[in-house]
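Student: kindly return the folded structure for what I paste below:
(one chain, ligands or ions: 1)
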Amino acid sequence: MADTVIRNATIIDGTGGPRFTGDVAIEDGHISEVGSSSSRSAIEVDATGLVLAPGFVDVHTHDDGALLQHPDMEFKISQGCTSVVVGNCGFSAIPAVVGKKTLDLSGVDANWTDLEGYRHDVEKVGPAVNAMMLVGHNTIRSLEMGNERRAPRDGELERMREHIGLAMEQGACGFSTGLIYRPGRWSDTEEVLELAKAVAPFDGIYATHMRNENDYLLEAVDEALDIGSKAGVAVQISHHKAAGKRNWGKVKESLAKVDAAIAEGARVTLDVYPYTAGSGPMIQYFDIKNPNPELAQAIQLASCPAFREYEGRMLVDIAAELQITAPEAVRHILTAPDGKQTICIQHTMDEGDILSNLRHDRVMIGSDGIPDLGGRPHPRLYGTFPRVLGRYVREQGILDLESAIRRMTSLSCDVHGLTDRGRIAEGKWADLVLFDPELVVDVASYEDPKRESLGIQNVWVNGQLAFNEGSHTQTGSGKVLRYREH
Ligand SMILES: [Zn+2]
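Tutor: This is a model prediction of the structure:
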């Protein structure tokens, strides 16, 4: 007897193939039947008029700490996400030193040193979603070299390679970099290549927040492709974008480079979030001695522990009120006590570039949300997936629903090694989302970002109901997954 049967759903199976109507039965955490189910079950769900899809995979997250701090993961499960890839942009919760803060974006107190320890602690709290780990360059470099502005010595490089090897043995899917951030920015191509080679024996991936996403975007793409090719690993280009007005439109050229590499046999995929603003730690974007005035014009404050009253406001308005220049306002905020914890939002991108990304069939969806719930986080944390389905699929017709779902599910799972997930088929894990295709849409805004989207009705994680018509069930059935393991 099945645990749950979802009847008469419009099934979009994640492969990109056309929708069909049918039933899906769940038993022991897995999909036991697809089509017409004669199973009887204690729980019957009438899905008439609703779409049943594999649970969405957020391939670009900074949820390493959130899985422990906010195990209900409301901001993800309410979007239909059933798995998250953590450790992006070179910042991961592993490796860590017991009793010290982790070197990811959350900075939680570590009670572990490696992925096994982290997995144990996360699964103990019972997260609502599954997680897959990338091991971060900034993290391992900080551990071995602090913030040293030089190339690693042989012993240091070897120890960094050992950290990567251990993470891969323990089930990480690859190695990530954040080459605009400190200390990753102090590394040269050779260093990154030597480290990327450490994932090759595991056939892991190289995920990169590239060295430049504005004036030198195309050179940065060349570097990423070169590293992938020389290391013999697949490349995932993170949050693909062209920032700064003079660079708008370059995303097309960059995608052309990717297409050319793929034609030559390279394995390359990308991710995008559907917003024209980015977000990250403000201290990382500015030289305190000489803050970039152009960038300062585009800054909005997300989380600002030093001045909570600034959260949600544009920096130029704060500067005007204080009767100082925008660069002076940058210094005023960053040099205040706790100023370095400030998270900002940068309005620097072009809508046309988002459309180019969404139209490309190797581009997955990833939120890049920063789960600092104290302030006003970028709305992508709550809205990314429903925004693609509502705004770009239904309202604008930029891509069809089957294609959008493939790039939220099977493609994401195949590349990141979430085996037996991302497709609706017998024997697969029952990570599922049921939503109303006529209603689904984001409602989180820059002004009011912590709002759950509309139209997501039910979400199952490993066969357990995690989200039921707006309520979080606290089932806690998520796991920290192992790369390519069943
Ligand atoms: Zn990044």
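Student: pLDDT at Lys340, what is it?
Tutor: Listed pLDDT for Lys340 reads 93.
Student: sorry, slip of the keys, the one I care about is Gly155.
Tutor: pLDDT at Gly155 comes out at 96.
Student: that one: neighbour count?
Tutor: 9 (other CB atoms under 10 Å). Just so you know, the C-beta spots here come from the backbone N, C-alpha and C atoms, and that holds for glycine as well.
Student: next helix or strand past the helix or strand harbouring it?
Tutor: Assigned by DSSP states H and E, Gly155 falls within helix 154-169. Per DSSP H and E, the first helix or strand lying C-terminal to helix 154-169 is strand 174-178.
Student: what's that next one in contact with?
Tutor: For strand 174-178, contacts defined as CB atoms under 8 Å, 6 or more residues apart in numbering pick out 87-92, 134-138, 164, 168, 184, 187, 192, 195-196, 198-199, 204-209, 233-234, 236, 238, 416, 483.
Student: hmm, try it at 6 Å
Tutor: Strand 174-178 is contacted from outside by 87-90, 134-138, 164, 184, 192, 196, 199, 204-209, using CB atoms under 6 Å, 6 or more residues apart in numbering.
Student: check the residues you listed for burial and list the buried ones.
Tutor: For these, a neighbour count by 16 or more other CB atoms under 10 Å gives the buried set as 87-90, 134-138, 164, 184, 192, 196, 199, 204-209.
Student: now for the lowest-mean-pLDDT helix or strand in the chain, which elements pack on it?
Tutor: Least confident helix or strand of the chain, by mean pLDDT, DSSP states H and E, is strand 41-46 with a mean of 92. On a contact count with 3 or more CB pairs under 6 Å, 6 or more residues apart in numbering; DSSP states H and E, strand 41-46 meets strand 2-11.
Student: just after the strand it packs on, pick out the following helix or strand.
Tutor: In N-to-C order, the element after strand 2-11 by DSSP H and E is strand 20-27.
Student: helices or strands up against that next one?
Tutor: strand 2-11, strand 30-35.
Student: rerun at 10 Å
Tutor: strand 2-11, strand 30-35, strand 41-46, strand 51-54, strand 432-435 (3 or more CB pairs under 10 Å, 6 or more residues apart in numbering; DSSP states H and E).
Student: hang on, isn't Gln69 packed against Pro371?
Tutor: Yes: between Gln69 and Pro371 there is a contact under CB atoms under 10 Å: 7.6 Å.
Student: any common contacting residues for the two?
Tutor: Here Gln69 and Pro371 have 63, 106 as joint contacts, going by CB atoms under 10 Å, 6 or more residues apart in numbering.
Student: these two - which one has more neighbours?
Tutor: Shown here are Gln69 and Pro371; by other CB under 10 Å, Pro371 has more neighbours (22 against 15).
Student: from memory the more buried one sits against Asp58, does it?
Tutor: No: Pro371 lies out of contact with Asp58 (CB under 10 Å); the separation is 11.1 Å.
Student: got any residues that touch both of these two?
Tutor: 73, 75-76, 84, 381.
Student: check which helix or strand the residue nearest to Lys250 when sequence neighbours are not counted maps to.
Tutor: The shortest distance from Lys250 to any non-neighbouring residue, by CB to CB, 6 or more residues apart in numbering, is to Ala242 (4.0 Å). Assigned by DSSP H and E, Ala242 falls within no helix or strand.
Student: wait, Ala242 touches Val272, no?
Tutor: No: in this structure, Ala242 is not within contact of Val272 by CB under 10 Å, at 11.5 Å.
Student: need the residues touching each of the two.
Tutor: 251, 353, 356.
Student: follow-up on the earlier one: so which of the buried ones among the contacts of strand 174-178 are in strands?
Tutor: 134-136, 205-209 (DSSP state E).
Student: nearest to Asn292, of these?
Tutor: His209 (18.6 Å; CB to CB).
Student: now the residue in the stretch 51-200 of the chain that the ion sits nearest to: how far from Glu33?
Tutor: Residue of the stretch 51-200 of the chain nearest the ion, by CB to the ion: Cys89 (3.4 Å). As judged by CB to CB, to the nearest Å, Cys89 and Glu33 stand 41 Å apart.
Student: pull out the buried positions in stretch 235-252.
Tutor: 235-244, 247-248, 250-251.
Student: ignore the last one, stretch 347-354
Tutor: 348-350, 353-354.
Student: hmm, who's touching stretch 154-165?
Tutor: Contacts of stretch 154-165 (CB under 10 Å, 6+ apart): 92, 94-95, 114, 135-137, 139-141, 143-145, 148, 150-153, 172, 174-175, 187, 190-191, 194-199, 201-202, 204.
Student: which of those residues count as buried?
Tutor: Buried, going by 16+ other CB under 10 Å: 92, 94-95, 114, 135-137, 139-141, 143-145, 152, 172, 174-175, 187, 191, 194-199, 202, 204, out of those.
Student: quick one: average pLDDT of stretch 229-249?
Tutor: For stretch 229-249, mean pLDDT rounds to 98.
Student: got the end-to-end distance for it?
Tutor: End-to-end distance for stretch 229-249: 26 Å, by CA to CA, to the nearest Å.
Student: ok now that stretch, how far from the chain's centre?
Tutor: 15 Å (CA atoms, centre = their mean, to the nearest Å).
Student: swap in stretch 306-315?
Tutor: For stretch 306-315, the distance to the chain centre is 25 Å (CA atoms, centre = their mean).
Student: what distance separates the start and the end of that stretch?
Tutor: Separation of the first and last residues of stretch 306-315 by CA to CA is 14 Å.
Student: now do stretch 42-56
Tutor: 26 Å.
Student: how about stretch 280-287?
Tutor: 15 Å.
Student: also stretch 479-486?
Tutor: Rule used - CA to CA; the end-to-end distance of stretch 479-486 is 12 Å.
Student: next one: phi and psi at Asp109?
Tutor: Phi and psi for Asp109, reported as degrees, to the nearest 10, are phi -70, psi 120.
Student: share the number of residues neighbouring it, please.
Tutor: Neighbour number of Asp109 under other CB under 10 Å is 12.
Student: how about it: what's its closest non-neighbour residue?
Tutor: Going by CB to CB, 6+ apart, Asp109 has Lys101 as its nearest residue, at 6.3 Å.
Student: just for the stretch 351-486 of the chain, where's the confidence low?
Tutor: Nowhere does the stretch 351-486 of the chain drop to pLDDT under 70.
Student: need the strands for it, in chain order.
Tutor: Secondary structure of the stretch 351-486 of the chain (DSSP state E, counting those that start in this stretch): strands located at 363-365, 432-435, 456-461, 464-468, 471-472.
Student: for the ion, find the nearest of those strands.
Tutor: strand 363-365 (14.6 Å).
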